[in-house]
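Trainee: Provided below for reference: sequence and predicted model.
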Amino acid sequence: MKASDLPTNGNGRALSASGRAIVVHPVLRNETDGALRHPESCLDEAVGLALAIDLDVVHAECARVNRPQPSILLGSGTVEHLAQVVEETEATLVIMDHALSPVQQRNLERALKAKVIDRTGLILEIFGARARTREGMLQVELAALTYQKSRLVRSWTHLERQRGGFGFLGGPGESQLEIDRRLIGDRIVKIKKELEEVRRTRGLHRKARAKVPYPVVALVGYTNAGKSTLFNRLANADVFAKDLLFATLDPTMRQVTLPSGRKVILSDTVGFISDLPHGLVAAFRATLEEVDAADIILHVRDIVHVDTDAQRADVHEVMRDMGMDPDEDDRVIEVLNKIDALDAESRDAVLAQTRRNPRAVAVSALSGEGIDALDQLLDQRMNAHRQVVDLSIDLGDGAALAWLYAKGEVLGREDDDAQAHLHVAIDTADLARFEKRFVQG
């Protein structure tokens, strides 16, 4: 991929740079057998990650690796070629779209005479630059410090920088190569305690919502699948949504009213990505628990993407790490997004697929097509846990009557001199709460 072929900022010019970078996607022979992903697609994604933090990508290529070298990963011929590219392009940063051991990273830096970061470092840098809430910052910092602790890289430069990020790209403290492990260890312990408090607080919030209660609908999906656009469409909100990897990080919640009049809480979450650092998944445990506790999970998929099946597999893998089985969990609905970008034949195939699958719906979050069908499906799912019961309440028991009107749907009512006889549609869980609170016996 030449510099002229690389994405721009929409004005036809290369993006403003915080560094001139080349991106390399190693294609390991043992990883290509039966692989779902196309190497060029993986390279495009890596370039997109670099552009997400305004790096000036001057060169990008796939590098085939027949025999991975423990000391440097790539073959000697590839390293010589890349060293020449670095010199010719005057690049100061090489992004290796693969996990690197500390030794491999250090040896590549010496051979290429440029700063080298791997996929994990790049993703953490993006997350560090994008996190906005206190919780998000703590979660990313925990993952970043855990990553740093295993290697002799730059010190805590992120503590001195204004733009965010975690210093993997260099910074004011670059001359300090020896990390103070004791300070990092102490900081990790402190962050874990703070995140445990966040987790406890989230648990209290979930209990409070259960008393209201509004069911929670959580959006999950691969980054850039259109979750935030769909969120905005469903909630009439203005959450930042852009054709950009990890455009949003911190979870956002809004109250949404379905066509039936039923209210739900819609929750937008961080996007997943292939080879998401395990430490990052662990760090975002408190946030991901919101997904696990949701009543319905909308898995938003970019149905147009060449690697849509691989992206689906990546999201399912993360969900399984959370203790869920997306194939068997009846809460999961697949939202096949961006059908407006399909040709007629592909579009018909996708629509036929959703007609056969009651757990799938095709939409265009951008144009609004299919949103009515999604709303109706959500209503159906919510009502699936409802039952219709006949209850007789003393007319003087205003609290019980108010509770039923607030939590259920009163389908009919007849009053006599002493009691109100109600025909009510109500969730099974709410009925149990009502009986525990108001029914004597």
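Mentor: That came through fine.

Trainee: Okay, and the beta partners of the closest residue in space to residue 404 that isn't next to it in sequence?
Mentor: Distances taken as C-beta to C-beta, 6 or more residues apart in numbering place residue 424 nearest to residue 404, at 5.8 Å, with adjacent residues excluded. Every residue, glycine included, has its C-beta placed from N, CA and C. Here residue 424 sits in beta bridges with residue 389, residue 410, as judged by DSSP bridges.

Trainee: Correct me if wrong: residue 424 contacts residue 403.
Mentor: No. Counting by C-beta atoms under 8 Å, residue 424 stays clear of residue 403, with 10.7 Å between them.

Trainee: More neighbours: which of those two?
Mentor: A side-by-side neighbour count of residue 424 and residue 403, using other C-beta atoms under 10 Å, places residue 424 first with 23 against 17.

Trainee: so who does that one touch?
Mentor: For residue 424, the contacting residues are 388-391, 404, 408-411, by C-beta atoms under 8 Å, 6 or more residues apart in numbering.

Trainee: domains for the chain, by residue range?
Mentor: 3-113, 125-194, 214-383, 386-438 (automatic domain parsing).

Trainee: and of those domains, who's closest to residue 200?
Mentor: domain 214-383 (9.2 Å; C-beta to C-beta).

Trainee: so how far is residue 353 from residue 191?
Mentor: 44 Å (C-beta to C-beta, to the nearest Å).

Trainee: If you count neighbours, what's buried in the lengthiest helix in the chain?
Mentor: Of all segments of type helix in the chain, defined using DSSP state H, the longest is helix 181-211. Residues of helix 181-211 classed as buried: 184, 187-188, 191, 195, 198, 202 (neighbour count, 16 or more other C-beta atoms under 10 Å).

Trainee: again with stretch 295-306
Mentor: 295-305.

Trainee: Could you find the closest non-adjacent residue to the residue nearest the centre of the chain?
Mentor: Centroid-nearest residue in the chain, with C-alpha atoms, centre = their mean: residue 271, separated by 1.8 Å. Distance criterion C-beta to C-beta, 6+ apart; nearest residue to residue 271, sequence neighbours excluded, is residue 223 at 3.0 Å.

Trainee: Now residue 375: closest residue in space, sequence neighbours ignored.
Mentor: Per C-beta to C-beta, 6+ apart, closest to residue 375 is residue 259, 5.3 Å.

Trainee: same deal with residue 394?
Mentor: Using C-beta to C-beta, 6+ apart, the nearest residue to residue 394 is residue 419, at 5.8 Å.

Trainee: how much space between the one you found and residue 253?
Mentor: Counting by C-beta to C-beta, the gap from residue 419 to residue 253 is 39 Å.

Trainee: Can you pick out the residue with more neighbours from the two?
Mentor: Using other C-beta under 10 Å as the criterion, residue 419 and residue 253 rank with residue 253 on top: 19 against 15.

Trainee: thought the more buried one was touching residue 265?
Mentor: Yes. Between residue 253 and residue 265 there is a contact at 5.6 Å, judged by C-beta under 8 Å.

Trainee: Find residues that contact each of those two.
Mentor: Counting by C-beta under 8 Å, 6+ apart, nothing touches both residue 253 and residue 265.

Trainee: Quick check: residue 38 vs residue 333, distance?
Mentor: Remark: distance between residue 38 and residue 333 (C-beta to C-beta) = 27 Å.

Trainee: Between the two, tell me which one has more neighbours.
Mentor: Using other C-beta under 10 Å, the more surrounded residue of residue 38 and residue 333 is residue 333, with 20 against 13.

Trainee: So what does that one have for phi and psi?
Mentor: Dihedral pair for residue 333: phi -120, psi 130, per degrees, to the nearest 10.

Trainee: and if you look at residue 372?
Mentor: Dihedral angles (degrees, to the nearest 10) for residue 372: phi -60, psi -40.

Trainee: Could you point out the helix or strand that follows the one helix or strand residue 345 maps to?
Mentor: Assigned by DSSP states H and E, residue 345 belongs to helix 344-356. Next along the chain after helix 344-356, taking DSSP H and E as the criterion, comes strand 360-362.

Trainee: what are the pairing partners of that next one, and which direction each?
Mentor: strand 332-337 (parallel).

Trainee: If you count neighbours, what's buried in the strand it pairs with?
Mentor: Applying 16+ other C-beta under 10 Å to strand 332-337 flags 332-337 as buried.

Trainee: try stretch 371-389
Mentor: 371, 374-375, 377-379, 381-382, 386.

Trainee: Just those residues: which are in helices?
Mentor: 371, 374-375, 377-379, 381-382.

Trainee: now those residues in TSV, with pLDDT?
Mentor: Formatted as TSV, those follow (pLDDT from 0 to 100):
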residue	pLDDT
371	93
374	94
375	92
377	92
378	91
379	87
381	84
382	80
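
Trainee: So the residue nearest to residue 42 when sequence neighbours are not counted: helix, strand or coil?
Mentor: Using C-beta to C-beta, 6+ apart and skipping residues adjacent in sequence, the residue nearest residue 42 is residue 25, 5.1 Å away. State at residue 25, reduced to three classes by DSSP: H, G, I helix; E, B strand; the rest coil: strand.
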